[in-house]
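>>> quick one: sequence plus predicted model below, questions after.
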Amino acid sequence: MIDPIIFSFKLFGLTLTLRWYGVLVMLGAVVGTWLAEREINRRGEKGETIWDALVWVLPAGIIGARLWYVVNATVAAVPITRKTRADPKHSAGRPAFLGGLLFGAIALYIYLRQQKKDIWLFLDAIAPAALIGQALARPANYINQELYGPPTNLPWGFKSRRFPVCLNTRT
């Protein structure tokens, strides 16, 4: 198993931590934006507009991902235990890709309308780049050991002699 933390150090009494999750998600965002810029330029539009939009899209995406996680956890009534409260990954609320995509798309739409740009041209150029960016960031979920769901005894849950309930033993 890969340690989710690349390194951490103390600075003025604060512990600063660099995690694989953040590095890989940012790598996906930068590579996806670079690919989208190339495609937008190829279609005859000003490609650097996408970098300007990223200033609005990324914060909106982060907020949307956090909100999506909170709403999803609330609707699913996920129990908050002492262990999950102590785990920084749970206490901060893990981001959810769909919420980030939705809020990021709304921010992009608003930005492109204000700039009077062709929204469909940009969305058409961004779609494949977003998939590639997501593919680059996805290994972070493996590193965090979160590619499976909570334990279940339902008939469609994963069962075997080695794993009697399912893969996830964390609560």
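In hand now; what should we look at? Numbers count the residues shown, from 1 in each chain.
>>> list the buried ones in the helix of greatest length in the chain?
For the chain, the helix that runs over the most residues, judged by DSSP state H, is helix 49-75. Of all the residues in helix 49-75, those buried under the rule 16 or more other Cβ atoms under 10 Å are 49-50, 53-54, 56-58, 60-69, 73. The C-beta positions use only the backbone N, C-alpha and C, and glycine is treated the same way.
>>> so which elements touch it?
With contacts taken as 3 or more Cβ pairs under 8 Å, 6 or more residues apart in numbering; DSSP states H and E, helix 49-75 sits against helix 20-42, helix 97-114, helix 119-137.
>>> please identify which of those is closest to residue 152.
Closest to residue 152 of the helices and strands packed on helix 49-75, according to Cβ to Cβ: helix 97-114, at 21.5 Å.
>>> enumerate every residue touching the residue minimising distance to the centre of the chain.
Nearest to the geometric centre of the chain sits residue 97, at 4.5 Å (Cα atoms, centre = their mean). Residues near residue 97 by Cβ atoms under 8 Å, 6 or more residues apart in numbering: 65, 134.
>>> same check on residue 108?
Applying Cβ under 8 Å, 6+ apart, we find residue 108 in contact with 53, 56, 57, 122, 123, 126.
>>> farthest pair in the residues you listed?
56 and 123 (15.3 Å).
>>> distance check, the residue lying closest to residue 139 once chain neighbours are set aside against residue 135.
Leaving aside its sequence neighbours, residue 139 sits nearest to residue 24 (Cβ to Cβ, 6 or more residues apart in numbering; 6.0 Å). Going from residue 24 to residue 135 by Cβ to Cβ, to the nearest Å gives 10 Å.
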